[in-house]
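[1] fold the stuff below for me.
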Amino acid sequence: MYLNELWKKKEDFLGKEIVVKGWIRNHRPQKEFGFIDFSDGTCFKHLQIVYDKSNDNFLEYTKLSNGSSIEVKGTLIKSEGKGQDVELKASSIVLLGDCSEDYPLQPKKHSMEFFREIAYLRPRANTFQAVYRIRSVAAMGIHEYFQSHGYVYVHTPLFTTTDCEGENQMFKVTTLDFNKLPRTEQGDVDFSKDLFGKETFITGTGQLHGEACAMAFNKIYTFGPTFRTEKSNTKTHANEFWMIEPEMAFMDLNDLMDAEEEMLKSVVGYVLERCSDEIDFLDKFVSNGLREKLENLVKSTFVRITHHDVIDLLKKADVEWEFEPDYEGDIAKEHEKYITEYYSAPVFITNWPKDIKAWYMKLNEDGKTVAAVDLEVPGSGELMGGSQREEDFDKLMEQIKTHHVDTKEIEWYINLRRYGGCYHSGYGMGFERLIMYLTGIENIRDVILFPRTPGNCDF
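    Now for the predicted structure:
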C-alpha cells in the first residue's frame, strides 16, 4: 500500500493488516519498544511505525539505521501519542536496503550549503520534499491552466541560430574537433563544416518561434528548459532553468496584463489547494507568513503603473537609495521592494524606456518608450516580463537596425509581419522564480534538483 492512498481513506484501514515499503527517516529504539518515522515518498506526510518486545526480531529491529529501506507488515491502529492520530503496529519488518553509518542525513539541522554538497540525497529531506512536490504540482497547474483556456502547447527548438537575447548569452554548439578546427581563408572558424552548416547555439528563449506558432494557433505556450551563459552568482540566476512563454495573437498590452494576472492567480490557487501540508511546513520552518502571502495574492487586485510614474514615486519617497531612480534606467531590487510594499499588492510596471528593452518590443507613440511590462510581486520582486510585440514591419526593421541585430538568421521572423501579421503579445516567467515565490526559498539553487551555476556542474 502507498501512503498517499492510506491518508486519503485511513478510517477504512483501521484495524486492518497492511504492507508498506519505504525508508526510515528517523528511528528511536528504546528498551521495550521502538518508533520509526517512515516515508514511502508518495506524499509529504509520514507514518509512525511502532514495534515492541512482543516481536520475535525485536533486537534486530532496534539496529535498523536511518536511511534504510524496509518492508513493514502490521495493523493500522489509533495512536495514543502526539503528532499523529494513527500509527502502524508492526508484526514484521524486513530490511530491503541497509544504510551505512556515514549516511549524511542524520536527524539534526543542516545548512542549505551542506545540502547542495549532497544534492543527490537532499530530495529525502523534508524541506526539499516539500519544495520539489510543490514544483511538480505547480508544473501541472500551469499546464492545466493553459490547456483549459484554449492554448496550444508547442515545443520550440533547443538548437537555434536565432539571436533573440544576444548571442553573448547563448551557449555555442559544435561537433568540430577543437584540436583541428577548420578555417576559412580569412582565418575564422569554418562553421560550414559543422553539423548544421552554420554557427549554432542552445536556446535562451523560445519566444520568436512561439510567435510564429501564435500566428497559426492564436494562443500558444512553451514550457521547457532554457540556457544562458551569464556568469552571475546571485541568488536568482542559474545557467540552466525552465521558462513558461505564452504568445497570444490579437492581444494588446492591457490584454496581456489581464492574461498574466489570471494565470498567476490560477496556479497559486492550484498549489494552495493541493499542497496544503507542504505550504504549512514551509510556512513554519522556512518562511513565516508564506501561506498568508500566497492567499493574499490570489485575492488581490494587481496594480498597474507606468515606469515614469514609478520613478516619480521613488524620487518622492523619504528613502536614501543605494541606486538613484532614473527615468531612463532600470529599477533596482530596493525599488521593487519599496513599490510592492507601498501598494501591498503585485504591481505591473508598464511602458519602459526603449533603450533598455529588447528590439522586438512595440514602440509607443511617444517614440521614447515601448509597450513592455514587468510584474513585481511582494517578497520576490520581478516574476514575469512581457510586452506587446512590434507588428509594424517598418518600425521593426528600424529597431533591428538600431540594435544592430543581424537580419540574416531572423528573416523568417521578419516575414511574419509580411504574411498576415497582427498585433500580438507575450510574456515569460522563469519557473524557478515562481517556485521560489511559492515556497519562500531564497536561493534558486535550492529549487532546482541539480543546479547549474557558474563553477558548478556537479552530479
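[2] so who does residue 361 touch?
    354, 370-372, 387-390, 399 (Cβ atoms under 8 Å, 6 or more residues apart in numbering). (Each C-beta comes from the backbone N, C-alpha and C, glycine too.)
[3] what would these look like in a markdown table with secondary structure and distance to residue 203?
    Compiled in a markdown table, the contacts of residue 361 are given as follows (DSSP: H, G, I helix; E, B strand; the rest coil; distance: Cβ to Cβ, whole Å):
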| residue | secondary structure | distance to residue 203 |
| --- | --- | --- |
| 354 | helix | 25 |
| 370 | strand | 23 |
| 371 | strand | 24 |
| 372 | strand | 21 |
| 387 | strand | 19 |
| 388 | strand | 22 |
| 389 | strand | 18 |
| 390 | coil | 21 |
| 399 | helix | 21 |
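[4] break down the stretch 101-250 of the chain into its helices, ranges please.
    112-117, 126-148, 207-217 (DSSP state H, counting those that start in this stretch).
[5] now distance to residue 257 and mean pLDDT too, for these, in JSON lines please.
    Formatted as JSON lines, the helices of the stretch 101-250 of the chain follow (distance: least, Cβ to Cβ, whole Å; pLDDT from 0 to 100):
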{"stretch": "helix 112-117", "distance to residue 257": "35", "mean pLDDT": "95"}
{"stretch": "helix 126-148", "distance to residue 257": "16", "mean pLDDT": "98"}
{"stretch": "helix 207-217", "distance to residue 257": "17", "mean pLDDT": "96"}
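[6] nearest to residue 377, out of the ones you listed?
    With Cβ to Cβ as the measure, helix 126-148 is the member of the helices of the stretch 101-250 of the chain nearest residue 377 (14.6 Å).
[7] most packed of the helices of the stretch 101-250 of the chain?
    helix 207-217 (a mean of 20; mean count of other Cβ atoms under 10 Å).
[8] what's it packed up against?
    strand 219-227, strand 240-249, helix 411-415, strand 424-430 (3 or more Cβ pairs under 8 Å, 6 or more residues apart in numbering; DSSP states H and E).
[9] of those, which is nearest residue 448?
    Of all those, strand 240-249 comes closest under Cβ to Cβ, at 7.1 Å.
[10] next one: that closest one to chain centre, how far?
    Strand 240-249 has its C-alpha centroid displaced from the chain centroid by 12 Å (Cα atoms, centre = their mean, to the nearest Å).
[11] same check on stretch 115-126?
    Remark: stretch 115-126 is offset 18 Å from the chain centroid, using Cα atoms, centre = their mean.
[12] hmm, who's touching it?
    In contact with stretch 115-126 (Cβ under 8 Å, 6+ apart) are residues 23, 25, 44, 67, 104-105, 110, 127-129, 132, 281, 285, 445-446, 449-451, 458-459.
[13] which residues of the stretch 351-459 of the chain score low on pLDDT?
    Within the stretch 351-459 of the chain, no range satisfies pLDDT under 70.
[14] what ranges does it have for its helices?
    Secondary structure of the stretch 351-459 of the chain (DSSP H, counting those that start in this stretch): helices located at 393-402, 411-415, 431-439.
[15] what's the first one packed up against?
    Yep, that's helix 393-402 we're talking about. For helix 393-402, the elements it packs on are helix 411-415, judged by 3+ Cβ pairs under 8 Å, 6+ apart.
[16] so which bits of the helix it packs on are buried?
    For helix 411-415, burial by neighbour count (16 or more other Cβ atoms under 10 Å) applies to residue 413.
[17] next: stretch 170-179.
    For stretch 170-179, by 16+ other Cβ under 10 Å, it's 170, 173.
[18] how far does it sit from its chain's centre?
    Taking mean C-alpha positions (Cα atoms, centre = their mean), stretch 170-179 and its chain are 29 Å apart.
[19] what's the answer for stretch 109-126, then?
    Put simply, stretch 109-126 sits 18 Å off its chain's centre (Cα atoms, centre = their mean).
[20] next one: stretch 416-434
    Relative to the mean C-alpha coordinate of its chain, stretch 416-434 is positioned 19 Å out (Cα atoms, centre = their mean).
[21] also stretch 94-105?
    32 Å.
[22] check residue 163 and give its pLDDT.
    Residue 163 is assigned a pLDDT of 63 by the prediction.
[23] flag every buried residue along stretch 294-309.
    The neighbour-count check on stretch 294-309 (16+ other Cβ under 10 Å) flags 294, 297, 300, 302-303, 305, 307-308 as buried.
[24] those: which two are farthest apart?
    Between all members of these, the farthest pair (by Cβ to Cβ) comes out as 294 and 308, at 31.0 Å.
[25] what does stretch 257-273 contact?
    134, 137-138, 140-142, 144-146, 246, 248, 251, 279, 291, 294-295, 297-298, 302, 304, 346, 348, 350, 373, 375, 383-384, 386, 427, 429, 434, 438.
[26] cool, stretch 73-85 as well?
    Residues from elsewhere that reach stretch 73-85, judged by Cβ under 8 Å, 6+ apart: 6, 10, 13-19, 47-49, 86-93.
[27] I'd like to know which of the residues you listed are buried.
    Those of the contacts of stretch 73-85 that meet the buried threshold are 6, 13, 47-49, 86-90, 93, by 16+ other Cβ under 10 Å.
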